[in-house]
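Engineer: everything below, folded, please.
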Amino acid sequence: MEFSTLQLVAITLIFVWSGFIRAGIGFGGAGLSLPLLLLVEDQPLFFLPIIAIHLLIFTSITTGGRLGKIDWSFVRFSMGWMIIPKLVGVIGLLSLPNTWMVTFVFLISAFYALSWIFKQEFRSNTPWFDRLLLMAGGYVSGASLVGAPLIAAVAIRHVELKRYRDTLFVLWFLLVTIKMSTFVIVGVDLQWQWALALLLPTTLGHLVGMKFHERMLHGDPVQVKRILGFGLLLVSCFGLWQVLQ
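Structural biologist: Reported below is the predicted structural model:
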């Protein structure tokens, strides 16, 4: 694909943002960057492999020396319920019309944004609801890589706070590995050249995000997510308006 200079600058800044969010709050690197990228060019299958490669790299770096802080029992439990919906979601991504998938991404993103703005978090209180959220999160992550809030809602109930982020990072690694394997099997271009070219700005965002995360642990993360929610809602509404034109 060919981009103008303005588009290249926008894409670079968005990947800085992606790295910052992923490291800063533990999830949302895809959910808060993919809608912006689709405003630049509405091609999910172009951007998703790049985001996925970066996620594999940075989750490996972050959790590589912290394997003892991962709740492996939760990893096994959640993957058991997510793997089939995940595969169904990937099939939908590969087979459904591009306009459908773009609309789907913006609608899901807007839904998350509203939940953050009004502080209506997804809360899991019963075993069957845990499984329902995991299955829904698996499907959404397969279709668009923005299923993290649904999965995190279950994890926060079952995983100790000190193990929370590292456990989620392992889940993201496993889920993205499934998607990337499917991409390879069906011959989707992994855009590895673009992934390498955008690695430096993503690294910059990641390093800043790591410092932000340490500060956020001593602040109010709910208020941070509320501010992010307003920005995400604005982007999602503008993106839906563009798609419907």
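Engineer: using CSV, write out every CA atom in stretch 138-151.
Structural biologist: The C-alpha trace of stretch 138-151 is given here as CSV (Å, rounded to 0.1, in the frame of the first residue of the first chain):
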residue,chain,number,x,y,z
GLY,A,138,-12.5,-14.6,22.5
TYR,A,139,-14.8,-14.0,19.5
VAL,A,140,-14.3,-10.2,19.5
SER,A,141,-10.5,-10.6,19.8
GLY,A,142,-10.5,-13.0,16.9
ALA,A,143,-12.5,-10.7,14.7
SER,A,144,-10.8,-7.4,15.5
LEU,A,145,-8.3,-7.7,18.4
VAL,A,146,-10.4,-5.4,20.7
GLY,A,147,-11.9,-8.0,23.1
ALA,A,148,-9.6,-7.2,25.9
PRO,A,149,-12.1,-5.4,28.2
LEU,A,150,-14.4,-8.4,28.3
ILE,A,151,-11.6,-10.7,29.2
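Engineer: distance from the chain centre to it, please.
Structural biologist: From the chain centre to the centre of stretch 138-151 is a distance of 7 Å (CA atoms, centre = their mean, to the nearest Å).
Engineer: residues contacting the residue nearest to V140 when sequence neighbours are not counted?
Structural biologist: By the measure of CB to CB, 6 or more residues apart in numbering, the closest residue to V140 outside its immediate chain neighbours is G147, 3.5 Å from it. C-beta here means a position set from N, CA and C on the backbone, and glycine is covered the same way. Contact analysis of G147 by CB atoms under 8 Å, 6 or more residues apart in numbering lists 89, 136-141.
Engineer: give me that answer again for 6 Å
Structural biologist: Contacts for G147 (CB atoms under 6 Å, 6 or more residues apart in numbering) come out as 137, 140-141.
Engineer: one more: L38?
Structural biologist: With CB under 6 Å, 6+ apart, L38 has these contacts: 102, 239.
Engineer: L36 sits in which helix or strand?
Structural biologist: For L36, the element it lies in under DSSP states H and E is helix 34-40.
Engineer: and that helix, what's its mean pLDDT?
Structural biologist: Averaged across helix 34-40, the pLDDT comes to 88.
Engineer: what number of residues lie near S60?
Structural biologist: 12 (other CB atoms under 10 Å).
Engineer: just give me the neighbour total for the nearest residue to it once chain neighbours are set aside.
Structural biologist: Once flanking residues are discounted, S60 sits nearest to F173: 6.8 Å by CB to CB, 6+ apart. Neighbour count for F173, taken as other CB under 10 Å: 18.
Engineer: repeat for K179
Structural biologist: Neighbour count of K179, defined by other CB under 10 Å: 23.
Engineer: over to P127?
Structural biologist: 8.
Engineer: what about the residue nearest to S60, which helix or strand?
Structural biologist: Counting by DSSP H and E, the element that carries F173 is helix 161-186.
Engineer: buried sites along that helix?
Structural biologist: 163-176, 178-180, 182-183 (16 or more other CB atoms under 10 Å).
Engineer: surely R66 meets D166?
Structural biologist: Yes. Taking CB atoms under 6 Å as the definition, R66 is a contact partner of D166 at 5.0 Å.
Engineer: next one, pLDDT for the most centrally placed residue in the chain please.
Structural biologist: By CA atoms, centre = their mean, the chain has its centre lying nearest to A30, at 3.3 Å. On pLDDT, A30 comes in at 80.
Engineer: is it correct that it is in contact with I50?
Structural biologist: No. Using CB under 6 Å, A30 is not in contact with I50; the gap is 10.4 Å.
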